[in-house]
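*Asks:* Output the structure for:
(chains A and B)
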Amino acid sequence: QKEVEQNSGPLSVPEGAIASLNCTYSDRGSQSFFWYRQYSGKSPELIMSIYSNGDKEDGRFTAQLNKASQYVSLLIRDSQPSDSATYLCAVSLRPSGSARQLTFGSGTQLTVLP
Amino acid sequence: ETGVTQTPRHLVMGMTNKKSLKCEQHLGHNAMYWYKQSAKKPLELMFVYNFKEQTENNSVPSRFSPECPNSSHLFLHLHTLQPEDSALYLCASSQGGRVPYEQYFGPGTRLTVT
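*Replies:* Residues are numbered from 1 along each chain as shown, chains lettered A, B, ... in the order given. Predicted structure coming up:
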């Protein structure tokens, strides 16, 4: 079982629609959750961090965390073609050593169609 | 993004060469990381330095040797690499401490081993 799992996609949505990206994780003790966006050939760019159950909004982006169900999601409202990228979910799993280690999912490729 | 810089951006080296990758962060952070990103695989954490002390080494082969002379600079020394080491090598930084603060990535070095 993968520690952090994402649908690889590709996920296609029309421009202006809501894109929904999901991530599940294996360790119920995980405490910190991050979403990164990675354009082709570029490095990951931090979009959102979330630490508590519930929703966290930042502009067109909303992160949702449900620790009981062990999933975290990212909603992108009013999707634009410029949102087309791979979205990486990163989770801080229960540490056996350092708490600073993040484990990344394989990413979901999103395409927003004009 | 100028907060974390990496040089060189591209590197081609033979299996018998020795080269070094350099990372510098201008964000006042105390933790720095090396990641490897291969095609079709999740980001893999290689090394973690927290306040200049190495705190993680995720079973990385000895042909990769990290060095962190201060909190702003991180090096990855490479020698006798294999073709399967060809990948994008990413440096990241964050605030130090046990809490997994947000990590910010540099642009990466695209390494090709011939």
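*Asks:* and residue 69, what pLDDT?
*Replies:* Just going to use chain A. Confidence at residue A:69, expressed as pLDDT, is 94.
*Asks:* The intended chain is chain B.
*Replies:* 94.
*Asks:* how much space between the nearest residue to residue B:66 once chain neighbours are set aside and residue B:74?
*Replies:* Distance criterion Cβ to Cβ, 6 or more residues apart in numbering or on different chains; nearest residue to residue B:66, sequence neighbours excluded, is residue B:47 at 4.5 Å. Quick note: C-beta positions are derived from backbone N, CA and C, even for glycine. Separation of residue B:47 from residue B:74 (Cβ to Cβ, to the nearest Å) stands at 8 Å.
*Asks:* any residues in contact with both of those two?
*Replies:* The contact sets of residue B:47 and residue B:74 overlap at B:34, B:66 (Cβ atoms under 8 Å, 6 or more residues apart in numbering or on different chains).
*Asks:* between the two, which one's more packed in?
*Replies:* Each of residue B:47 and residue B:74 has its neighbours counted (other Cβ atoms under 10 Å in any protein chain shown); residue B:74 has more, 27 against 22.
*Asks:* Span of stretch A:12-19 from start to end?
*Replies:* 8 Å (Cα to Cα, to the nearest Å).
*Asks:* residues in contact with it?
*Replies:* The contact list for stretch A:12-19 (Cβ under 8 Å, 6+ apart) reads A:11, A:75-81, A:83, A:110-114.
*Asks:* coming back round to it: tell me which helix or strand the residue nearest to residue B:66 sits in.
*Replies:* Using DSSP states H and E, residue B:47 sits within strand B:44-50.
*Asks:* go on, residue B:112?
*Replies:* strand B:109-113.
*Asks:* got it, and residue B:40?
*Replies:* Judged by DSSP H and E, residue B:40 forms part of no helix or strand.
*Asks:* Skipping its backbone neighbours, what lies nearest residue 52 in space?
*Replies:* By default, I'm working from chain A. Per Cβ to Cβ, 6+ apart, closest to residue A:52 is residue A:65, 6.8 Å.
*Asks:* ah, I was thinking of chain B
*Replies:* Excluding the flanking residues, the one nearest residue B:52 by Cβ to Cβ, 6+ apart is residue B:68, at 5.3 Å.
*Asks:* Over to residue A:21?
*Replies:* With sequence-adjacent residues excluded and distances taken as Cβ to Cβ, 6+ apart, residue A:21 is closest to residue A:74, at 4.5 Å.
*Asks:* Assumed that neighbour was part of a strand.
*Replies:* Yes. Under DSSP: H, G, I helix; E, B strand; the rest coil, residue A:74 sits within a strand.
*Asks:* residues contacting residue A:56?
*Replies:* Residue A:56 neighbours (Cβ under 8 Å, 6+ apart): A:48, A:50, A:62-65.
*Asks:* Which of those residues ranks first by neighbour count?
*Replies:* Using other Cβ under 10 Å as the neighbour criterion, residue A:63 leads the contacts of residue A:56 with 23 neighbours.
*Asks:* Pairing partners for whichever strand or helix holds that residue, with directions?
*Replies:* If you go by DSSP H and E, residue A:63 is part of strand A:61-66. Applying DSSP bridges, strand A:61-66 is found paired with strand A:54-58 (antiparallel), strand A:71-76 (antiparallel).
*Asks:* which residues touch that strand?
*Replies:* Contact with strand A:61-66 is made by A:33, A:35, A:47-56, A:71-77, as judged by Cβ under 8 Å, 6+ apart.
*Asks:* what's the answer for stretch B:30-41, then?
*Replies:* The contact list for stretch B:30-41 (Cβ under 8 Å, 6+ apart) reads A:100, A:106, B:23, B:25, B:43-51, B:66, B:68, B:71, B:74, B:76, B:86-97, B:101, B:103, B:105, B:108.
*Asks:* I'm done for today, thanks for sticking with me.
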